Every structure is written in structure tokens, then in C-alpha cells.
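1. Provide a 3D model corresponding to the input given below.
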Amino acid sequence: MEERFITYILSPIIGICIGLAIVAFTSIFNIISETPRLIEAYTGMKIYVLLPLIGLPASTFIVMRYAEDKRTGCGTHKVLEAYHYKLGYIPPQDTVTKTAASALTIGFGGSAGLEGPSLLLGGGLASFIASKLKLKDIRIPMLVGAAAGLSAIFKAPLTAVLFALEIPYKRDIEKEVFVPAVLSAIPAYIVTVFLTGETPIVVNVSAPPLSLEVLIWSLLEGFLATAVAYLFVKFFNMVKFAVSRCALNKFKRALIGGCMLSLIWLFMPDAAGLGYNVISKALRGALNDDPAYAACLLLVKMTATAITLNFGGSGGLFIPSIFLGAMLGVVFSGILHSSASVSGLFVVVGMAAVLSATSKTLLTSVLFVAETCTPLSIIPATLASSISYFASGTCSLYEEVQLSKRAVEEEKALEELYHMVIEQNREDALKVKVGVIMNRNPIALQEDMTVKEVVRMVENYNFRVYPVVDERFRLIGFTTIEDILSLPKSKYDLKLSATLLRRPLIAFENEELGEILRKMIEYDVDHVYVVSDSEQMRLIGVVSGIDVVRFLLKYIRL
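-> Next up is the predicted model:
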């Protein structure tokens, strides 16, 4: 209780400090981004296409030379990784170097968002303060600081609070952070507005009166946003995987990435940088005459973002998702031949829906467009965002560091070990076949056993979970000690098959460990049942969470 009280007192102080830090950061960023334009205006030389050739290598150099964690990329990933796997600690040198790297990346034309470095700057500063005060748990202060950073950079405190609640999990919220996040986000917002003014990051738009037609079209746009988000996530991860397998060193990768971005900017400069001006044009209806161009811009922005953050640049993925949603709204409006006011609403709805799917932040997405564009969009944006949030399943840009929901101890150990294997580039451990580590002599319960017989049998074993099979040893489900003991004694004469059995997660002997481990983490289970084939379903082995833990511990450096 005492530490929670300290966190409440500390949160407004953190908010003020981070508000000042974000103002300083944006001032430096503006100088970096404006310098090439001033040179261009003075000399008349079109140098903007060459900027990524400077930005990406410079970003890579700073991180490789000065950061403790030598990986470049999305700042949100770093914050989530610290929250789930580093007890909330972000090294101060990482906070400084990766924020500077993001400023260079985006200021010199890289396709990424400022929320990445803002989250990292806020979270890192809060982590530093909390660690100096020797707080036992710095995870909550770190997340509170990240919320303050987001509040300051977007001038959207409600969005920041909900983001802090939603971003740690795909299907859960971190409710403990709510009060301190409010206490930090509002001071950060006030400081930023006082020093820089209330100018929003994009233009405000008017929205037409709600009608059944608008709501129906919003639902349809939600499904289209699901497709766009799914494509973005899969393409981003595909590029990430390809780059990770590349034998070139990181500086050569950065040069190649810079060359590719320069070629893109030569033909489509609107895809460069933050894209706030393009989003504002879409909101005003200035792109309505050319939906084909908006469709091309959507695909090019998707490509440019994947190149920027996987070839050595640093930044965020929040704003690129918003950009893609805005372009989807323009295309959707063009198909429907909507008026300017309705097209602006569809742009807003697209922004919320794509962000909801890519980051698994349903409420954050709706509040963001309400705070930055128009509060009249809340109902249609909520409808579309709900569709994209659920229809996209567990698909997320932060997949490897954004957990499905809070895990119990054994599942938490699996998640942490999986992350360590990836971090230490020991993916060879994940390619081992399931048959190598499974228990080939599982203790199974027969479906025709009575509950009383089951109770007597399990007294002889130390297991908590038991598969249930028929007379041919075909898997039909599983049960737990808790399930059995929760039954009233009046049901002890029932057959086990007459009780409520749980649905098992199955695997095959030739599957890779990495595949079933991802399933165990996604579905929060600690046992996988290995069957002969999908038709016979004969139980041939069991893989438990502790089996996987013991196996992976042989491959990692602790």
C-alpha cells in the first residue's frame, strides 16, 4: 500500500518532467526535419530524396555505438519488452540513444511515428526516476511515464490513459495503471499545451448527422480495415523475418534500406516522414478526386514503414497505422461517391479501425480520433473498430511482446523463455520436433471410469492435469484435479465422460516446438497432447509447460 501511495504522488511529477522532455524532443525534431527544407529552399536542390541515406545509417550508428540494447526498430516494442520481461527497467542510455535515433530516422524522411520515441522517452525517464527511488516494482511507473509521453506528443490525455491500460495485452487490460496514468497524462498534456499551444496534430473535421446508412457503411469499413491491418502486420513481419536472415551487417542493411526509401520518395514523396499533412488532406476531402492515388499511397506507406523499421531506422507504428486507415477511408469514400463531410467521417472511421486491429487497442483507437479529429465520430468509429478488433483475431504489430492476457506463473515462464530464445537468436531450439521432448508414456484416464475411481487413481500421482481417452486410447478431452474435486459427491458414480471435459490443444509428433509453444502462449495452456493423426486421434504423448521450460533452459544464456 505504501509503494502504491508513493506511485500516486510520483505520477504528477513524472507527468510534468515528461511534458518538458517531450517539448524539448519535439523542438529538436523540428530543427532536424526543417534543416533539409531550409537548405533546399536556399539552394534550390531537391535533396529530400537523399535524406534516408543519411537517416537510417545515422540511426543505426547511434544505437550500435551507444545503446545497451543494439536493436533498432519500434519504440513501443522496447516499452512492452521492458514491462513484461525486464521488470520495467529501461537503461538510460537506451532511452537517450533510441530517442535520438528516432528523431534522425523520421526527421530525415523515414516512415514511422513520433509516438515510438515519445513512449520510450516517457517510459525510460519514469523508469530511471523509479529505480533511483528504489521502488520495488517499477513496471507501473514505467508504463505511467509512457502514457505521459503519448499524452504530450499527441495532446490527447484520454487516449494516453487508455493506451496504457490496453497496450500490454491483446485481450486484457492493466487496470492497476489507470489512476497513476490519469495523474501523469493530464500534467504532461497541460505542460505541453502551455508551452507549444493547442494546435492538434491533424485538422478537425465536421461529421454528418448519424443515420442508419452511415452506420451500415461503417460496419463494412470495419471489415475492410481488418484486411488492411492483417496485410500490414503480415507484410511487416515478413520483411522483419527476411532481414533477420540476411548475412549483411547492420550498417550495410541501413544503406540498402536508405536506397530503397530514396527511390520510393523519388516517385511518391507523400509517403515520407510522419504524414500528418497527407492525413489532414484526407480529412478535408482534398484527396477525394483520386482514390486510386490513395490506394497506391496506402501500399507504398505500408512498404516504406516496413523498410524503415526493419532496415535500421527507429520510430513508432501507431501513426503509420493511422495513415493507412486514412487512405482506406479515402478509397472507401471514392467507391461510394460520398460528399466531403461524409468522406471525412469515413477517413476518421478508417483511422480508428485499422489502429484497433494492428495494435489491439479498441478503446484507445476510438478516443484518439475523438480527441484529435471530431467527437461526433465516436459511434461509427466504435462500430468499425469493434469489427476490426475481433475479426483480426490475435494479429498484432507487437505480437512477440504483447501478451494475450495476464498469465499464471508457468505460462509466464514459457513467455519469458520464448522471448529470451528469440532475443538471443537461438531459434534452432524452436525447430526441434515435438516428438523429441514429449512424454511418450502419459498417465491417462479412461472415459468409462467413474468419478470415484478417478479420485482414487489420482491419489497415486503428482499430476494436476490428465488426458481422457476412450477404449482405443483416442483422445476425447482432458480434466484437472480442480474439476474433479469441484463435483458434488452425489455425482461420484457418474462416468467421467458424463462430466464436463475440457477441449485439448493437440499437436503432431513432427511439428516444431516453436509452433506449439506459440499456441501454448496464445491460448494460455500448459499442456499439449500429441496424437497420431487428425483422424484416429490416438494419444501418443504429452508435452507439459515444465517439459518445455527444462528443454529451453539448455539453449539460453541466463
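2. May I have the phi/psi pair for Pro488?
-> phi -70, psi 150 (degrees, to the nearest 10).
3. And the pLDDT for it?
-> Here, the pLDDT recorded for Pro488 equals 83.
4. For it, grab the count of nearby residues.
-> Using other Cβ atoms under 10 Å, Pro488 has 7 neighbouring residues. Heads up, the C-betas are built off the backbone N, CA and C, glycines and all.
5. go on, Asn288?
-> When neighbours are defined as other Cβ under 10 Å, Asn288 has 20 of them.
6. Equivalent analysis for Val23, please.
-> Residue neighbour count, defined by other Cβ under 10 Å, stands at 18 for Val23.
7. what separates the residue nearest to it when sequence neighbours are not counted from Ala24, distance-wise?
-> Nearest non-adjacent residue to Val23, counting by Cβ to Cβ, 6 or more residues apart in numbering: Leu195, 5.0 Å away. Per Cβ to Cβ, to the nearest Å, Leu195 is found 10 Å from Ala24.
8. From Phe478, how far off is Asp524?
-> Asp524 sits 15 Å away from Phe478, taking Cβ to Cβ as the criterion.
9. Please compute how far stretch 353-371 lies from its chain's middle.
-> With Cα atoms, centre = their mean, to the nearest Å as the basis, stretch 353-371 stands 12 Å off its chain's centre.
10. Show the contacting residues for the residue of the chain most remote from its centre.
-> Largest separation from the mean C-alpha position in the chain: Asp493, at 49.0 Å (Cα atoms, centre = their mean). Each residue near Asp493 by Cβ atoms under 8 Å, 6 or more residues apart in numbering is listed here: Thr450, Val451, Lys452.
11. Just the buried subset of those residues, written out for PyMOL, thanks.
-> Remark: buried members of the contacts of Asp493, expressed as a PyMOL selection using 16 or more other Cβ atoms under 10 Å:
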select buried, resi 451
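12. Closest to Pro36 out of the contacts of Asp493?
-> Set against Pro36, the nearest of those by Cβ to Cβ is Val451 (74.9 Å).
13. Can you tell me the closest non-neighbouring residue to the closest one?
-> That would be Tyr492: by Cβ to Cβ, 6+ apart, it lies 4.6 Å from Val451.
14. thought the one you found was touching Val454?
-> No. Contact criterion Cβ atoms under 8 Å: Tyr492 and Val454 do not qualify, at 9.1 Å.
15. on that earlier part again, more crowded one of Leu195 and Ala24?
-> Higher neighbour count among Leu195 and Ala24: Leu195, with 15 against 12, using other Cβ under 10 Å.
16. In helices only, show me the contacts of Asp493.
-> Members of the contacts of Asp493 lying in helices (criterion: DSSP state H): Val451, Lys452.
17. got the contact list for stretch 220-232?
-> Residues contacting stretch 220-232 (Cβ under 8 Å, 6+ apart): 298, 302, 305, 321, 324-325, 328-329, 332, 346, 349-350, 353-354, 356-358, 383-388, 391-392, 395, 397.
18. How about the backbone phi and psi for Asp483?
-> Main-chain dihedrals, Asp483, degrees, to the nearest 10: phi -60, psi -40.
19. how deep is it tucked in, by neighbour count?
-> 17.
20. who touches the lowest-mean-pLDDT helix or strand in the chain?
-> In the chain, the helix or strand scored least confidently by mean pLDDT, DSSP states H and E is helix 409-423, which has a mean of 73. Applying Cβ under 8 Å, 6+ apart, the contact partners of helix 409-423 are 81, 84-85, 400-401, 403, 407, 427, 429-430, 517-518, 520-521, 524-526, 545-546, 548-549, 552-553, 555-556.
21. Can I get that helix in CSV, CA atoms only?
-> What follows is helix 409-423, C-alpha atoms only, in CSV (Å, rounded to 0.1, in the frame of the first residue of the first chain):
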residue,chain,number,x,y,z
GLU,A,409,3.3,-18.5,-13.2
GLU,A,410,4.0,-21.4,-15.6
GLU,A,411,2.6,-19.7,-18.7
LYS,A,412,4.6,-16.6,-17.7
ALA,A,413,7.8,-18.7,-17.6
LEU,A,414,7.0,-20.0,-21.1
GLU,A,415,6.5,-16.5,-22.4
GLU,A,416,9.8,-15.2,-20.9
LEU,A,417,11.8,-18.1,-22.1
TYR,A,418,10.3,-17.8,-25.6
HIS,A,419,11.3,-14.2,-25.6
MET,A,420,14.8,-14.9,-24.4
VAL,A,421,15.3,-17.6,-27.1
ILE,A,422,14.3,-15.0,-29.8
GLU,A,423,16.4,-12.3,-28.3
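22. Send me the helix or strand following that helix as PDB with only the CA atoms.
-> Using DSSP states H and E, the helix or strand that follows helix 409-423 towards the C-terminus is helix 434-437. C-alpha atoms of helix 434-437 as PDB (Å, rounded to 0.1, in the frame of the first residue of the first chain):
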ATOM      1  CA  VAL A 434       7.700 -32.200 -30.600                       C
ATOM      2  CA  GLY A 435       8.500 -35.900 -30.600                       C
ATOM      3  CA  VAL A 436      11.900 -35.200 -29.100                       C
ATOM      4  CA  ILE A 437      10.600 -33.700 -25.800                       C
END
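23. related to what we said a few turns ago, comparing Tyr492 and Val454, which residue is more hemmed in?
-> It is Val454, of Tyr492 and Val454, that has more neighbours when counted by other Cβ under 10 Å, with 23 against 14.
24. and the more buried one, what is it in contact with?
-> Leu445, Thr479, Ile484, Leu496.
25. Please tell me how far it sits from Thr480.
-> From Val454 across to Thr480, the span is 11 Å (Cβ to Cβ).
26. next one: Ala207
-> The gap separating Ala207 from Thr480 is 51 Å, by Cβ to Cβ.
27. next one: Leu120
-> In terms of Cβ to Cβ, Leu120 sits 41 Å off from Thr480.
28. Name only those of the contacts of helix 409-423 that count as buried.
-> 81, 84-85, 400-401, 403, 407, 429-430, 517-518, 520-521, 524-526, 545, 548, 552, 555.
29. Those in helices, which ones?
-> Using DSSP H, the members of the buried ones among the contacts of helix 409-423 that fall in helices are Glu81, His84, Tyr85, Leu517, Arg518, Met520, Ile521, Gly545, Val548, Leu552.
30. Any figure for the gap between the fifth one and Ile540?
-> For Arg518, the distance to Ile540 under the criterion Cβ to Cβ works out to 22 Å.
31. Kindly report the same for the last one.
-> Separation of Leu552 from Ile540 (Cβ to Cβ): 22 Å.
32. now Arg65
-> Per Cβ to Cβ, Arg65 is found 52 Å from Ile540.
33. Same drill for those two, tell me which one is more crowded.
-> Taking neighbours as other Cβ under 10 Å, Arg65 and Ile540 compare with Ile540 leading, 19 against 9.
34. Need the residues that contact stretch 76-93.
-> Contact with stretch 76-93 is made by 66-69, 94, 98, 115-116, 119-120, 123-124, 127-128, 130-131, 137-143, 146, 167-168, 316-318, 398, 400-403, 415-416, 419-420, as judged by Cβ under 8 Å, 6+ apart.
35. Please repeat the previous calculation with a cut-off of 7 Å.
-> By Cβ atoms under 7 Å, 6 or more residues apart in numbering, the surrounding residues in contact with stretch 76-93 are 66-68, 98, 116, 119-120, 123-124, 127-128, 131, 138-139, 142-143, 146, 167-168, 316-317, 398, 401-403, 416, 419.
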